[in-house]
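Student: sequence-free structure coming up:
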C-alpha cells in the first residue's frame, strides 16, 4: 500500500520550539511530505494547539514521539520517579490528542543509555514492572483515542527491550492500544531478518520510523526495503513511514544519538532523498 510519508524535526533541530516549527513545517509541506513528527522533549517547549492550526493550514498531519531523558524510568526505579514518568507520558498523550496524532511512540520504559546486566528472572520481573507502570498511561491514552507505541532500541541504548520478540514478551496481556514502534535503524542491529521481525510483531505494529542503516537517507544503504515494506503490508499496518535522523550540529542531540559526522550532503537531503526513495519502494 501507499503509506503516508513523514519526517521528524530532529533531522534539523532540538529541542523543537514554536519558532522552529513555524520555519520547518512549510518547507516540509512544500517537499510533499504528509506527516511531520514532533518530539516532546520537555513539556511546554511548543504549543500543540498552535501546532495543530499551523499543520492544518499546510495540509500536514502530525505524529508525536516521547523522549526518555535522564530521570524518566518505569522499571528498576523508586516510586516517585515512576510516578513522575507516568505524569510525563500522560502529558505526551494530551499533546498528541491536541495536535491530532493517533500515536505516541518511543522507548517508554527507561532512559536512553541506561543499561545493566539482567538474569532471565530479573528480566521477567522488570517486564512485569513495565506492564504495571504502563497500565495507567495506556488507560489514559485509550480514553484519548491515542495508541502508545513502545520502541525497542539497540543494545547500546538500552538493555531492556532490543528486539520485537522481547517487546512482545514485555507487553504480553496489554491491550491493543499498547503496540510496538518499529525503528529500522535499531532493527538492522538487533534483528536477523527485518521482514520476519515485522511479521512476528503483527498487529502490534503501531508506528514505523525509517532511515538508512547509518541514520542517513532511506535507500542510501544495504537494507532490504522491499521486503520490509511488503511485510508491513502483510501485517496490515496502515500508518506512516517517518524518517528519523539527527543533526550533528546540535551538540546535545548529536552526543545522545552518537552522530559524529554529517550523514548526507545536507540535512535537507536526508529528508528529500529519503522521500524520493520511499515513494519508489512502496508497491
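Tutor: That came in fine, so what should we check first? This one's a predicted model, so the numbers in the text were calculated from it and none came from an experiment.
Student: pLDDT of the strand or helix carrying residue 25, averaged?
Tutor: Using DSSP states H and E, residue 25 maps to helix 18-31. Helix 18-31 shows a mean pLDDT of 98.
Student: for stretch 65-84, same thing?
Tutor: 98.
Student: coming back round to it: helices and strands around whichever helix or strand comes after the helix holding residue 25, which ones?
Tutor: Sequence-wise, the next helix or strand downstream of helix 18-31 (DSSP H and E) is strand 35-40. Applying 3 or more Cβ pairs under 8 Å, 6 or more residues apart in numbering; DSSP states H and E, one finds that strand 35-40 contacts strand 5-8, helix 18-31, strand 61-66, helix 79-99. For the C-beta atoms, the positions are set from N, CA and C on the backbone; glycine is no exception.
Student: swap the cut-off to 7 Å and go again
Tutor: Counting contacts by 3 or more Cβ pairs under 7 Å, 6 or more residues apart in numbering; DSSP states H and E, strand 35-40 packs against strand 5-8, strand 61-66, helix 79-99.
Student: hang on, the earlier thing: let me see the residues that make contact with the helix holding residue 25.
Tutor: Contact with helix 18-31 is made by 7, 9, 12-13, 36, 46-47, 50-51, 54-55, 58-60, 271-272, 275, as judged by Cβ atoms under 7 Å, 6 or more residues apart in numbering.
Student: Just the buried residues of it, please?
Tutor: 20-21, 24-25, 28-29 (16 or more other Cβ atoms under 10 Å).
Student: same deal with stretch 107-116?
Tutor: For stretch 107-116, by 16+ other Cβ under 10 Å, it's 107-112, 114.
Student: now stretch 52-69
Tutor: For stretch 52-69, burial by neighbour count (16+ other Cβ under 10 Å) applies to 52, 54-55, 58, 60-68.
Student: now the end-to-end length of that stretch.
Tutor: Start-to-end span of stretch 52-69 (Cα to Cα, to the nearest Å) is 25 Å.
Student: chain center to it, what's the gap?
Tutor: From the chain centre to the centre of stretch 52-69 is a distance of 13 Å (Cα atoms, centre = their mean, to the nearest Å).
Student: Just send the buried residues of stretch 52-69 back as a markdown table, with distance to residue 249 too.
Tutor: Putting those into a markdown table (distance: Cβ to Cβ, whole Å) gives the following:
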| residue | distance to residue 249 |
| --- | --- |
| 52 | 28 |
| 54 | 24 |
| 55 | 25 |
| 58 | 25 |
| 60 | 24 |
| 61 | 27 |
| 62 | 24 |
| 63 | 23 |
| 64 | 24 |
| 65 | 20 |
| 66 | 23 |
| 67 | 19 |
| 68 | 23 |
